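Trainee: give me a model of this one.
(one chain, ligands or ions: 1)
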Amino acid sequence: MRARSLWALAAGAMVSVGCGTTTPQPSKPLAPLATWNAAHHLVEWTVVAGDGGENGGMNFDGYANGEMTLVVPVGWRVEVHFRNASFTPHSAMVVPEGDRDRGSFDSSLLAFPGAETSNPSEGSPKGAAENVEFTASRAGNYSLVCAVPGHALAGMWDKLVVSSQAKQPSLLVNRSS
Ligand SMILES: [Cu+2]
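Mentor: Sure thing, here's the model as predicted:
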C-alpha cells in the first residue's frame, strides 16, 4: 500500500515536469503507444501496421475502425514511429476526416506536409520501419489511414484530433468488440 502511494507520487511528479504517457487498455502490451514532451511540444506515436489478427490484420496497433484516437494540441510536432508487422504491405497517411472513406489516396489529400510514409499507395513490406514527422498546424478532425487501396475501407484507420482546447496529448482506445 505504501509502495503504491509512493509510485503515484512519482508519476504525478513526472507529469508536473512536462512528461507524460498514456497506456491503452490492458488487452494490449504495457508499452505506451504515445509519449510526449510538453516542453518541446512533441508527441511520439508508435504505429504498428498489421499488429496481430484484429480486423483481419487491417489494424494499427491492434485497433481498427477508429477505435484509437490521438488528441494533439494544435501546433505540436507529431513523430510517428511506423512499422509494418505483417506480410501484407501497409502504409500510414494523415488525411482530413472527410476524406477517409476512399478506395485509394494520393498526396493531394495529405492533411499536413510530411504526414505520410514512403510510397503510401504501394505500402511498405513486412519489417519496414520509418519515422514520419509533421506539425499538427490546424485544429480539426483527421484520420490516420493506410493508403494501400482498399485498406482504409476495410477499417484500417485511426482518429487524430488536433485540438485548440487540449493542453496535452491523450491517447484514447475504445475496443468495439
Ligand atoms: Cu494497409
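Trainee: so who does His41 touch?
Mentor: Shown in contact with His41 (CB atoms under 8 Å, 6 or more residues apart in numbering): 73, 75-77. For the C-beta atoms, the positions are set from N, CA and C on the backbone; glycine is no exception.
Trainee: oh sorry, the question was meant for Asn119
Mentor: Ser91.
Trainee: distance of it relative to Phe112?
Mentor: 18 Å (CB to CB, to the nearest Å).
Trainee: same thing with Tyr63?
Mentor: Taking CB to CB, one finds Tyr63 at 21 Å from Phe112.
Trainee: neighbour-wise, which of those two wins?
Mentor: Tyr63 (25 against 18; other CB atoms under 10 Å).
Trainee: so what sits opposite the residue lying closest to that one once chain neighbours are set aside in the bridge?
Mentor: With sequence-adjacent residues excluded and distances taken as CB to CB, 6 or more residues apart in numbering, Tyr63 is closest to Val173, at 6.0 Å. Counting by DSSP bridges, Val173 forms beta bridges with Met68.
Trainee: wouldn't Val173 be in contact with Asn65 here?
Mentor: No - counting by CB atoms under 8 Å, Asn65 is not a contact partner of Val173; they are 11.9 Å apart.
Trainee: for the ion, what are the nearby residues on the protein?
Mentor: 90, 146, 148, 151, 156 (CB under 5 Å from the ion).
Trainee: the residue lying closest to Asn65 once chain neighbours are set aside: which element?
Mentor: Using CB to CB, 6+ apart and skipping residues adjacent in sequence, the residue nearest Asn65 is Gly155, 4.2 Å away. Assigned by DSSP states H and E, Gly155 belongs to no helix or strand.
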